[in-house]
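Participant: Give me the fold of what follows.
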Amino acid sequence: MADFVGAIDQGTTSSRFMIFDHAGDEHGKHQLEHEQILPRAGWVEHNPVEIWERSSAVLQTAINQAGLAPSDFAALGITNQRETTVVWDRRTGRPYYNAIVWQDTRTDRIASALERDGRGEVIRAKAGLPPATYFSAGKVQWILDNVDGVRAAAEAGDAVFGNTDTWLIWNLTGGPNGGVHVTDVTNASRTMLMNLETLDWDSELLSFFGIPPQMLPVIRPSSDPAGYGEIRLPAAAAGIRLTGDLGDQQAATVGQVCFAPGEAKNTYGTGNFMLLNTGEELVRSEHGLLSTVCYQFGADKPVYALEGSIAVTGSAVQWLRDQLGIISGASEVETLARQVSDNGGVYFVPAFSGLFAPYWRSDARGAIVGLSRFNTNAHLARATLESICYQSRDVSEAMEQDSQVRLEVLKVDGGVTANDLCMQLQADILGVPVSRPVVAETTALGAAYAAGLAVGFWKDTDELRANWNESKRWEPSWSQAQRTDGYAGWKKAVDRTLDWVDVS
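Facilitator: Model (predicted):
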């Protein structure tokens, strides 16, 4: 009998494979980073071939290190960095261009044009998204318009598109030799091309970007008993059924067992992503949030969510390490920030890719404000951690306005939750308790849950709820006056970042 479910978690900075048992406990893991390609200011790319090779390698290595065989797995799920766009030749498997990453801002003029001529309102109404550089459609249009031969190949049916879930599933199931070209409703809902009500590609939205429909993958449920095919490569996983596919933030919502309307989670990774389950009701945001598909299990109706997406949080800490060199490892930021008791008047708004929710300002750029001779690198380190938390408060406030639901506790996950100071600051800045589960890697766990539900490894979501246990809780310690004054300073700092670049 199969005792395990596996999950590929293909993220913005790394790919990992994790193995879980029925209790949701980890039984194996391997992870590899991949290169961040930055050709010019605002451009962020990945090598799709490297991503496939690293994903294949972590899958094979984790299974071998755990001493398991394909027959030990009931199913395998996949979760991925959303919106990151790959266009490749279905005949050869070769990408026409690097993957354009969700953080990339080269499509700002495409997004601005959509907003100016009224098409933006159609996109909001149908796709639940504002026209922004964040989403996939503009990236596909850029490749079609700027890479020689791709448009002709797309119209001939040879050039195909997918986010990284689609790219990996296609390669896992055979690539040029019969690979399955498929995505799920959560990833499709991040493209600006899917109608949230019909759960299908929308011809009017496709026409806005000049995208031939034959480029697009088939849309399937996030947890699919019929499956997306069997793995053919790598050999260590050959024969395992692929039955789960979720964008990373929706996967984390499933991993945090936020199955009831009103339940919310916040994932701290390269960026931050807060999702609020709104049930089978499609809630239209009036305060800068995204309406998105949360998940769809089998033939059940889709469950929707409101989402606040923040572009730069954990990657701001990487910036301190890689660009400024004031820390040598991400874990050092906490030690440095603890050298001071407050931010010394310094605010850091890391709008490197513009501002996402709830502002949606592609003209914004990063700013450090409030500096005096008194300030040190420790104040900047603390301001960096506070920026993560203040951006999350911006989203939380918008979420409460849209949903009329007061946040009682914030479930958190992701790498930054290992930073005790940051999580304490989050509780202080929000004024609500912050709760971290025992299994912090909820993104991979959610993909495993989706795959396992499809094949009966877990019979229902009640079994998944029983697996969730709290590891640590942080209670607010700031006074209301501290909280109010600190947030007022943050809002002033955000104002300083606006209208910095011309996107007209």
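
Participant: Where does pLDDT dip in the stretch 1-150 of the chain?
Facilitator: Applying pLDDT under 70 to the stretch 1-150 of the chain flags no residue at all.

Participant: so where do the helices sit in it?
Facilitator: Taking DSSP state H, counting those that start in this stretch as the test, the helices found in the stretch 1-150 of the chain are 48-65, 108-116, 119-127, 136-146, 150-155.

Participant: Would you mind finding the most buried of the ones you listed?
Facilitator: helix 136-146 (a mean of 22; mean count of other CB atoms under 10 Å). Heads up, the C-betas are built off the backbone N, CA and C, glycines and all.

Participant: May I see the helices of the stretch 1-150 of the chain organised as JSON lines, with distance to residue 371 added?
Facilitator: Putting these into JSON lines (distance: least, CB to CB, whole Å) gives the following:
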{"stretch": "helix 48-65", "distance to residue 371": "39"}
{"stretch": "helix 108-116", "distance to residue 371": "28"}
{"stretch": "helix 119-127", "distance to residue 371": "37"}
{"stretch": "helix 136-146", "distance to residue 371": "35"}
{"stretch": "helix 150-155", "distance to residue 371": "46"}
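
Participant: Residue 321: which of those is closest?
Facilitator: Ranking the helices of the stretch 1-150 of the chain by proximity to residue 321 (CB to CB) places helix 48-65 first, at 21.0 Å.

Participant: what stretches of the protein score poorly on pLDDT?
Facilitator: In the chain, residues with pLDDT under 70: 504.

Participant: number of nearby residues for residue 148?
Facilitator: 8 (other CB atoms under 10 Å).

Participant: measure it to residue 101 for me?
Facilitator: 22 Å (CB to CB, to the nearest Å).

Participant: just residue 466 next, same as before
Facilitator: 37 Å.

Participant: Among the two, which residue is more densely surrounded?
Facilitator: residue 101 (22 against 12).

Participant: nearest spatial neighbour of that one, skipping sequence neighbours?
Facilitator: Leaving aside its sequence neighbours, residue 101 sits nearest to residue 44 (CB to CB, 6 or more residues apart in numbering; 4.1 Å).

Participant: wait, the one you found sits on residue 99?
Facilitator: No. If you go by CB atoms under 8 Å, residue 44 and residue 99 don't touch, sitting 9.4 Å apart.

Participant: Of the two, which one has the most company?
Facilitator: Neighbour count, other CB under 10 Å: between residue 44 and residue 99, residue 99 has more, with 28 against 22.

Participant: Return the residues in contact with that one.
Facilitator: If a contact means CB atoms under 8 Å, 6 or more residues apart in numbering, then residue 99 has 45-48, 51, 84-86, 164, 167 as its contacts.

Participant: Now the buried members of the residues you listed.
Facilitator: 45-46, 48, 51, 84-86, 164, 167 (16 or more other CB atoms under 10 Å).

Participant: So which of the residues you listed sit within strands?
Facilitator: 45-46, 85-86 (DSSP state E).

Participant: export these to CSV and tack on distance to residue 196?
Facilitator: Supplementary listing: those in CSV, determined by distance: CB to CB, whole Å:
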residue, distance to residue 196
45, 29
46, 28
85, 20
86, 23
